[in-house]
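> Predicted model and sequence below, questions to follow.
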Amino acid sequence: MRRLLLFTFTSSALALLTFYLQKPNTFVDDEGVLIPEEWTAKNEDPQTPAKYRRRVDQAILSIPEWYLVFSPKEQADYFEHTTASTFPYMRQNAQIWDIHKLVKTYTDTNHTQYKYNGEYQLMIYIINSSCSAEYVTKAWYERVVGRLTDTRTVETDEDRFTAQYTKDYVAFINDNFWYEFDFKDRLKKLWTETSFFDKHFFRKLERKYFLTSELVVKWGYGKLIKMGAETMHGPDDTYTMVLVDKLAPKLKKKYDVVESYPDKSALLRLNRYARFNPEAVQLAEDKLTFREISGNDAAIFVSLKVPRNKYFSTSYTENIFYQPIPSEPKKKRIVLAVLVKDLNRMLLKVKEEHYEVEHIFDY
């Protein structure tokens, strides 16, 4: 426990230092707040029942939280063909704090109607600091130690283990809290399912040490975070309620209809988190218009992955920021805002241009 506390303190100090030293890796087209003030307004007369509503600012506050899903996904894709020793951890670390600053600008400024959400802001700061500490430590270690044994391409059981473990971790955190992941089981598999003697022996030993350290720290830290999280809140709601216009009778069997209304609108139960994406796209393809999501009709946020030299812009969306993707030089991420009522046509436009919807931040 003493080593864990020392590691956390040291790494957090390094993470804080990099917060001030890193050059921007996230860009905005114009200075200041880009979302029209009326786009941040709370719905004063929602049709969605009170028990299904969420705060309007939940959409933008979840952006830094979801970056900590995008980042491991980029790592998993990279580790399939290249070792972790060359991964650009420091650029991802810079993007963590760039997003943090942008979101704080939107939630703290007087130009928006978002109210201060202290509990959520604290949670964001804790997870950003933890992840930043991890990335700074990994960047230092890989540069000083990892490159001494690096094979560049994936050639050892341990590097293949890293690729599979990261891929499985990403699949898990798409719909679950990260600290619920079974790091203990992966630690066991590291020592029972990878060979000890093989070519690149020093690489194997060094990776076993590195991975053992990572898994032990995450196992212990995850248990601490889980205890704190369970104290602060109960079970998390895994569904999002969506109010749509004019649900045709033939579509009622296709969706989980909670309630139908005389004006032919309907309240649907959709999955939350990553599974919300394909379900929202399907609603758009079925020509349904979103009226409310979690009781809100204000701006919702969407991230797209597009070619580096391409743009996405419409008369009914506002681009908030874009980021180069460090591990995929030919691509960039665009985060934009769109009113709930225009989400369906935006999704159809994205499909028409063959871009990837990375995530819809569903409050």
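All right, it came through fine.

> Using CSV, write out the CA atom coordinates for stretch 51-71.
Taking Å, rounded to 0.1, in the frame of the first residue of the first chain, the C-alpha atoms of stretch 51-71 are listed here in CSV:
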residue,chain,number,x,y,z
LYS,A,51,-37.5,9.7,-13.3
TYR,A,52,-36.0,9.3,-16.7
ARG,A,53,-34.5,12.8,-17.0
ARG,A,54,-30.8,13.9,-16.7
ARG,A,55,-29.2,17.2,-16.4
VAL,A,56,-28.6,19.1,-19.6
ASP,A,57,-24.9,19.6,-18.9
GLN,A,58,-24.3,15.9,-18.6
ALA,A,59,-23.7,15.8,-22.4
ILE,A,60,-20.7,18.1,-22.5
LEU,A,61,-19.4,16.9,-19.1
SER,A,62,-19.2,13.3,-20.4
ILE,A,63,-16.8,14.3,-23.2
PRO,A,64,-13.6,14.2,-21.1
GLU,A,65,-14.9,11.0,-19.5
TRP,A,66,-15.3,9.3,-22.9
TYR,A,67,-11.9,10.4,-24.1
LEU,A,68,-10.6,7.8,-21.6
VAL,A,69,-12.4,5.2,-23.7
PHE,A,70,-11.2,6.6,-27.1
SER,A,71,-7.6,6.7,-25.9
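
> What are the buried residues along that stretch?
Residues of stretch 51-71 classed as buried by neighbour count (16 or more other Cβ atoms under 10 Å): 52-71. In short, each C-beta sits where N, CA and C put it, glycine included.

> which residues of this protein fall in helices?
Listed in chain order, the helices of the chain (DSSP state H) span 2-21, 58-79, 89-108, 118-141, 147-149, 157-173, 183-192, 201-232, 276-285, 343-352.

> so Trp219 sits right up against Phe183, yeah?
Yes. Contact criterion Cβ atoms under 8 Å: Trp219 and Phe183 qualify, at 4.0 Å.

> what do the two both touch?
Taking Cβ atoms under 8 Å, 6 or more residues apart in numbering as the contact rule, Trp219 and Phe183 have no neighbour in common.

> more crowded one of the two?
Higher neighbour count among Trp219 and Phe183: Phe183, with 21 against 17, using other Cβ atoms under 10 Å.
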